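Peer 1: prediction below, plus the sequence it came from.
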Amino acid sequence: MSLNTRLEPVLYLFAGLFGAAGVALAALAAHGGGQANLAASASTMCLAHAPALLALALGTARLKTAWLAGLLMILGTLLFAGDLVSLRFGGSGLFPYAAPTGGWAMMLGWLAIAAGAVFRIRS
């Protein structure tokens with residue numbers, strides 16, 4: 001069983017979780033007051049990567065790098081959005097440079113998708 005096949009349910013899971021979190025964070029940003037910009041940025045990253053993860057799950061049979069792209073996007077979104085949410089509600093981030101580290105991981109995830117154009121699964 002390939003990594004893509006094993007990771008497919010995880011991609012669906014996080015697509016749903018990030019979609020729900022993105023909507024909740026958008027509502028918080030609109031109605032919660034305080035540092036609304038932190039919740040809005042976290043919402044944006046969740047809502048941007050939820051459909052990407054869904055597409056990766058649907059494309060595991062065709063994109064050899066889907067597992068890598070998905071893991072990087074999941075880790076990156078958790079770090080980036082988690083750091084902002086932690087800062088908003090707890091007053092401090094997860095750890096120094098958590099959000100930039102998450103941002104880099106998300107960018108590398110998108111580059112892994114681009115690399116999939118070169119390392120295609122032959123049918």
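Peer 2: Perfect, I can see it now. Here the structure is a predicted model, which means the values were calculated and not measured.

Peer 1: packing partners for the helix or strand hosting Thr77?
Peer 2: In the assignment (DSSP states H and E), Thr77 maps to helix 66-90. Contacts defined by 3 or more CB pairs under 8 Å, 6 or more residues apart in numbering; DSSP states H and E place helix 66-90 against helix 3-31, helix 36-58, helix 98-116. Bear in mind the C-beta positions are built from the backbone N, C-alpha and C, glycine included.

Peer 1: got any ranges where the protein has weak pLDDT?
Peer 2: Scanning the chain for pLDDT under 70 picks out 121-123.

Peer 1: circling back to that earlier point, right, so the helices and strands packed on helix 66-90: which one is the most enclosed?
Peer 2: Mean neighbour count (mean count of other CB atoms under 10 Å) peaks for helix 36-58 among these, with a mean of 20.

Peer 1: got the angle for it vs helix 3-31?
Peer 2: Helix 36-58 runs at 150 degrees relative to helix 3-31, counting by axes from the mean of the first three to the mean of the last three CA atoms, to 10 degrees.
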